[in-house]
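S.K.: All I have is the shape, not the residue letters:
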């Protein structure tokens, strides 16, 4: 008789790659640039606000995006950057040192803030656009201070 399979073995765990959500934001921006569809932009802005809020809540003391969590399928979030064979689980080794910040995720978040400001401006949310530009400026300063030698 075959061994019984536990319910835990059949449970599928979710594994979220937060940086990929910035690509969603960028697709909405592309759509705005190509089609000028204000209704679509307005419909997606609440999700974009939530995405940027996630990154804002995960800034390190240095003002950079901190590593979201650990290796694939061992934690809910995964700071995946690239499938380079020399990186453990797609994350540069430097993320395990010092603050644990991920420069690539900080740069991606910066780009997302800049494009989200354009989306908010397009949708008539000028206060939100100004907030995103202010956050982008602070992040840009942190990147210049901590990510270059």
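M.R.: All right, it came through fine. Since this is a predicted model, take the numbers as computed values, not measurements. Numbers count the residues shown, from 1 in each chain.

S.K.: wait, is residue 145 part of a helix?
M.R.: Yes - residue state for residue 145 (DSSP: H, G, I helix; E, B strand; the rest coil) corresponds to a helix.

S.K.: Number of residues surrounding the nearest residue to it once chain neighbours are set aside?
M.R.: Closest residue to residue 145 apart from its sequence neighbours, by Cβ to Cβ, 6 or more residues apart in numbering: residue 62 at 7.6 Å. Every C-beta, even on glycine, is put in place using the N, C-alpha and C of the backbone. Per other Cβ atoms under 10 Å, the neighbour tally for residue 62 reads 16.

S.K.: please begin residue numbering at 7 from this point
M.R.: Got it, first residue is 7 now, which makes that one residue 68.

S.K.: Could you double-check that residue 68 sits in contact with residue 150?
M.R.: No - between residue 68 and residue 150 there is no contact under Cβ atoms under 8 Å: 11.5 Å.

S.K.: quick one, what contacts residue 121?
M.R.: 31-32, 35 (Cβ atoms under 8 Å, 6 or more residues apart in numbering).

S.K.: low-scoring stretches of the chain, by residue?
M.R.: Applying pLDDT under 70 to the chain picks out residues 7-21, 73-107.
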